[in-house]
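Peer 1: Okay, predicted coordinates and the sequence, questions at the end:
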Amino acid sequence: MKIVSIVGARPQFIKIAPFSHAIVNRSHTGAIPIEHVLVHTGQHYAPEMSDVFFDELDLPKIDYGLGVGSGRHGRQTGQMLTMIERVLLEVAPDMVVVYGDTNSTIAGALASVKLHIPTAHIEAGLRSFNRHMPEEINRVVADHVCDLLLAPTPTALRNLSAESLGARAIFTGDIMYDAVLFYRQIARQRSTIGERIKLTPKQYAVVTIHRAENTDNLSQLHSLLSALNEIASDDLPLIFPIHPRTSQRIRSDFPHWKPHAHLHLLDPTGYLDMLWLIDHAAMTLTDSGGMQKEAFFLDCPCITLREETEWIETVQAGANVLAGTDVRRIRTAVARWQEWNKRKNNDVLQTLNNTFGRGNAADQILDAILQFTSSNMETSTEVYVNQFASTRR
């Protein structure tokens, strides 16, 4: 059996790690040999956003590197679509797997389904219900064209049912939960970022900002930068691994902006360093969906710099506060978590209650794919036999 995985961005490299390991384990012990072909679109191409993850997570080698790079959504997606189609025609896989909600996701899904190749979407069913987000468009379209929808949470499963997609959907648990459980101890053993920048556990916060809605809206970005400097001035050090898009926007549109002395801008970090930072932080401030979950899994309070989240379970559990980009709301949320840390430092913040699965999502996903392809092959054989029989009558 041949499976093609299509990835291109940092969160997808994290998601593919447990899945790749599950395939290797199953190939060694299972009756069906599985060939896993990895296609990297090059959507994230800087070494600190790509290469470091393949090294740290022990990912398989890239079989096809497309090198698409950055650009406007239409050009980038169109170029990916053309190049992925060419690869799929050459490889002829039994199943294509796409991940998350990036342009690589939608390009991979469209290229595959137009060639009538069975296609699975890992992390299906997420909805922010904000169509201004390019990620929302990508995830909705991917869900409606893919054959197998692998939902990370019961909420995601309900979203799919509400859109009449329930017959294609399976609850598998969240593959990023697998990754956090596996790599947390490795990060504690290997990461030296705390020593390098002299951090005291629980005495700093981690910040990430990268969403287009925040970086392309200059008013919102200015508000966020102001909020960060105000928080840092209150003697809470902020560690800000800055995304290339955000860095470029600040340089071009806010050339005179200066970070407070307690606001520490870093180059993008690898996965292990980021896990260590979140694991030991007093709180996180982020517009990243993946980081909201990582904070949740690591019992770290979170402030989401958006008005909505596709990970509503983290808010319902009381572990995540939606603060948007308003300075006052952000500072109020920071004060709330500072007070919480004083009263309940090191207490368990929330209980997962299997909302994100049991940490075996990769195996659940692989089981679903194998069952789907087996059923699909049997159906195809039956149709062929029936068609052949009818021509003999």
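Peer 2: Great, that's in hand.
Peer 1: quick one: pLDDT of Ala295?
Peer 2: At Ala295, the model reports a pLDDT of 96.
Peer 1: gap between the helix or strand containing it and the chain center?
Peer 2: Assigned by DSSP states H and E, Ala295 falls within helix 289-297. Put simply, helix 289-297 sits 10 Å off its chain's centre (Cα atoms, centre = their mean, to the nearest Å).
Peer 1: now swap in stretch 224-244 and tell me
Peer 2: Worked out by Cα atoms, centre = their mean, stretch 224-244 lies 23 Å from the chain centre.
Peer 1: Now do the buried residues in it.
Peer 2: Residues of stretch 224-244 classed as buried: 224-225, 227-232, 236-244 (neighbour count, 16 or more other Cβ atoms under 10 Å). No exception for glycine: its C-beta is placed from N, CA and C like everyone else's.
Peer 1: Outline the domain layout of this protein.
Peer 2: 2-172+360-392, 178-344 (automatic domain parsing).
Peer 1: who wins for proximity to Asn353 among the ones you listed?
Peer 2: domain 178-344 (8.6 Å; Cβ to Cβ).
Peer 1: how long is stretch 23-34 end to end?
Peer 2: End-to-end distance for stretch 23-34: 7 Å, by Cα to Cα, to the nearest Å.
Peer 1: tell me the mean pLDDT over it?
Peer 2: Taken as a whole, stretch 23-34 has an average pLDDT of 86.
Peer 1: Can you show me the helices along the stretch 101-250 of the chain?
Peer 2: Counting by DSSP state H, counting those that start in this stretch, the stretch 101-250 of the chain has these helices, from start to end: 103-114, 134-145, 154-162, 175-190, 193-196, 212-215, 218-233, 244-253.
Peer 1: Out of those helices, flag the one nearest Met1.
Peer 2: helix 103-114 (15.7 Å).
Peer 1: Can you list the buried residues in the closest one?
Peer 2: Of all the residues in helix 103-114, those buried under the rule 16+ other Cβ under 10 Å are 103-113.
Peer 1: Which strands or helices does that helix pack on?
Peer 2: In this structure, helix 103-114 makes packing contacts with strand 2-7, helix 73-91, strand 95-99, strand 119-122, helix 134-145, judged by 3 or more Cβ pairs under 8 Å, 6 or more residues apart in numbering; DSSP states H and E.
Peer 1: Distance from the chain centre to that helix, please.
Peer 2: Distance of helix 103-114 from the chain centroid (Cα atoms, centre = their mean) equals 17 Å.
Peer 1: Could you tell me the angle between that helix and helix 134-145?
Peer 2: Helix 103-114 runs at 20 degrees relative to helix 134-145, counting by axes from the mean of the first three to the mean of the last three Cα atoms, to 10 degrees.
Peer 1: which other residues reach helix 103-114?
Peer 2: 4, 6-9, 12, 39, 41, 43, 73, 76-78, 80-81, 84-85, 88, 96, 98-99, 119, 121, 134, 137-139, 141-142, 145-147 (Cβ atoms under 8 Å, 6 or more residues apart in numbering).
Peer 1: hmm, back to that, can you lay out the buried residues of helix 103-114 as TSV showing distance to Val315 and pLDDT?
Peer 2: Listed next are these as TSV, based on distance: Cβ to Cβ, whole Å; pLDDT from 0 to 100:
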residue	distance to Val315	pLDDT
Asn103	27	94
Ser104	28	95
Thr105	24	97
Ile106	27	97
Ala107	31	97
Gly108	30	98
Ala109	28	98
Leu110	32	98
Ala111	35	98
Ser112	34	98
Val113	33	97
